[in-house]
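*Asks:* predicted model and sequence below, questions to follow.
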Amino acid sequence: SGSGTVTATPESQDVEYLAPISIGGQSIVMDFDSGSSDLWVFSTQLSATAQKGHTNFDTTKSTTFKTMTGAAFSISYGDGSGAAGTVGTDTVNIGGATVTGQAIEVATAVSSSFVSDTNSNGLVGLAFSKLNTVSPTQQKTFFDNAMATLAQPVFTADLRKGAVGSYEFGNIDSTKFNGSLSWAAVNTTTGFWQFSNSKFSVGTGATTATDGTQAIADTGTTLMLASSAIVTAYYSQVSGAANDASAGGITFPCTATLPDLNVDVGGNYMALVRGDDINYAPVDSTGTTCFGGLQATTNDPQIWGDIMFKSQFVAFNGGNNSIGMAPHQ
Ligand SMILES: NCc1ccc(-c2ccco2)nc1
């Protein structure tokens, strides 16, 4: 009900952005992911090894937790990670926005990369509920459940490079972006916050049409994974840029001048991604070679992750299925 704001804190190297939620009165730091639709949490039902270093939800300590008999979840992500377990419902409060009867996916197994990422204790999926993995009865996301009682059917992501930002539900804080939001229609058929991308430009260069691929806004992906048309054109303007097999993608000298990238969102807004935000991180201890925040994918839709969010304030409108963007304040 109402609205709610939580601080979004970047993990080291801005790998992901974490925020606290309350589940049945237990405060748990989670990874907010606009690219998936399951709310799952580390639990006391995991092995002791998996639990080590994490905050583990204990269903027996919540007076409001109810088991969903016969329900289970199993999810795998694009990076090869995954989780599985059982399901119940409980009250979830995110910065004041509250949902009772929220499906809580209680992990009994998680992949090694989640175990070793001890800052994160699960995911809050914020894509469309059609992607939720609970069976035999698919469940709704927190945002889907909250929408009807939120002051406005929206949530926003204000993510910053190497600094805290915020996630807000039910309100669009216009002090957080420059000018006004530009809105694009969302194609909901895939279940992602997906929109058209028809053109781009690099620095002050000419605008080039893309081959009509689409893109999704995915806070749960660290980098900006774009079409080879965009990536090739971009790095042709960066001296010393090259595919670096040992680093696992395109690198460049950390001293390189990185142009801004302008990408079309929905056909009527060119979103600027700052060159500085495309310098992701050094790959070596001397800080000589840097890894590109923009990398190629053959996936359609493209997956525009946190690198884009560092330059653009993003509003997700579940009332009319649109996505709004504007440069950060
Ligand atoms: N795009 C969804 C997602 C989010 C986080 C993670 C992850 C793996 C290890 C730690 O975090 N994987 C996938």
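*Replies:* Okay, I see it. Residues are numbered from 1 along each chain as shown.

*Asks:* find the centremost residue of this structure, please.
*Replies:* Thr219 (1.4 Å; C-alpha atoms, centre = their mean).

*Asks:* please, which helix or strand holds that residue?
*Replies:* Using DSSP states H and E, Thr219 sits in no helix or strand.

*Asks:* which residues does the spatially closest residue to it that is not a sequence neighbour contact?
*Replies:* Nearest non-adjacent residue to Thr219, counting by C-beta to C-beta, 6 or more residues apart in numbering: Ser34, 4.4 Å away. For every residue, glycine as well, the C-beta is placed using N, CA and C. Ser34 is in contact with 126-127, 157, 193, 217-220, 316, counting by C-beta atoms under 8 Å, 6 or more residues apart in numbering.

*Asks:* check what pLDDT Ser34 gets.
*Replies:* For Ser34, the model assigns a pLDDT of 99.

*Asks:* quick check on it: phi, psi?
*Replies:* Main-chain torsions, Ser34, degrees, to the nearest 10: phi -80, psi 0.

*Asks:* measure how buried the spatially closest residue to Thr59 that is not a sequence neighbour is and give me the count.
*Replies:* Distance criterion C-beta to C-beta, 6+ apart; nearest residue to Thr59, sequence neighbours excluded, is Phe65 at 4.6 Å. As a burial measure, Phe65 scores 20 neighbours (other C-beta atoms under 10 Å).

*Asks:* ok now do Phe65, which residues does it touch?
*Replies:* Listed by C-beta under 8 Å, 6+ apart, the contact set of Phe65 reads 24, 59, 88-90, 104.

*Asks:* among those, which one has the most neighbours?
*Replies:* Ile104 (28 neighbours).

*Asks:* on the three-state scheme, that residue is what?
*Replies:* strand (DSSP: H, G, I helix; E, B strand; the rest coil).

*Asks:* would you confirm that it contacts Asp38?
*Replies:* No: look at Ile104 against Asp38 with C-beta atoms under 8 Å: they stay out of range, at 10.1 Å.

*Asks:* buried set for stretch 254-263?
*Replies:* Within stretch 254-263, the residues scored as buried using 16 or more other C-beta atoms under 10 Å are 254, 256, 258-263.

*Asks:* whoops, stretch 230-244 was the one
*Replies:* 230-231, 233-235, 237-238, 241.

*Asks:* columns secondary structure, pLDDT and distance to Thr9 on top of the residues you listed, output as CSV?
*Replies:* CSV is the format used below for these (DSSP: H, G, I helix; E, B strand; the rest coil; pLDDT from 0 to 100; distance: C-beta to C-beta, whole Å):
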residue, secondary structure, pLDDT, distance to Thr9
Ile230, helix, 98, 30
Val231, helix, 98, 29
Ala233, helix, 98, 34
Tyr234, helix, 98, 29
Tyr235, helix, 98, 31
Gln237, coil, 98, 33
Val238, coil, 98, 30
Ala241, coil, 98, 31
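
*Asks:* quick one on the thing from earlier: so which of the contacts of Phe65 is the closest to Asn145?
*Replies:* Thr89 (10.0 Å; C-beta to C-beta).

*Asks:* show me what the closest one is bridged to.
*Replies:* With DSSP bridges as the criterion, Thr89 is bridged to Lys66, Ala103.

*Asks:* quick check: closest non-adjacent residue to the residue in the stretch 101-250 of the chain that the ligand sits nearest to.
*Replies:* Nearest to the ligand in the stretch 101-250 of the chain, going by C-beta to the nearest ligand atom, is Gly220, at a distance of 3.1 Å. Nearest residue to Gly220, sequence neighbours excluded (C-beta to C-beta, 6+ apart): Asp33, at 3.0 Å.

*Asks:* residues in contact with that neighbour?
*Replies:* Neighbours of Asp33 in contact, by C-beta under 8 Å, 6+ apart: 123-127, 218-220.

*Asks:* distance check, Ala127 against Ser34.
*Replies:* 6 Å (C-beta to C-beta, to the nearest Å).

*Asks:* correction: the previous question concerned Ser227.
*Replies:* 20 Å.

*Asks:* with Ser113 instead?
*Replies:* From Ser113 to Ser34 the distance is 20 Å (C-beta to C-beta).

*Asks:* swap in Asp90?
*Replies:* In terms of C-beta to C-beta, Asp90 sits 22 Å off from Ser34.

*Asks:* can you put the buried residues of stretch 230-244 in CSV and add distance to Thr44?
*Replies:* Listed next are those as CSV, based on distance: C-beta to C-beta, whole Å:
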residue, distance to Thr44
Ile230, 45
Val231, 44
Ala233, 50
Tyr234, 47
Tyr235, 47
Gln237, 52
Val238, 49
Ala241, 47
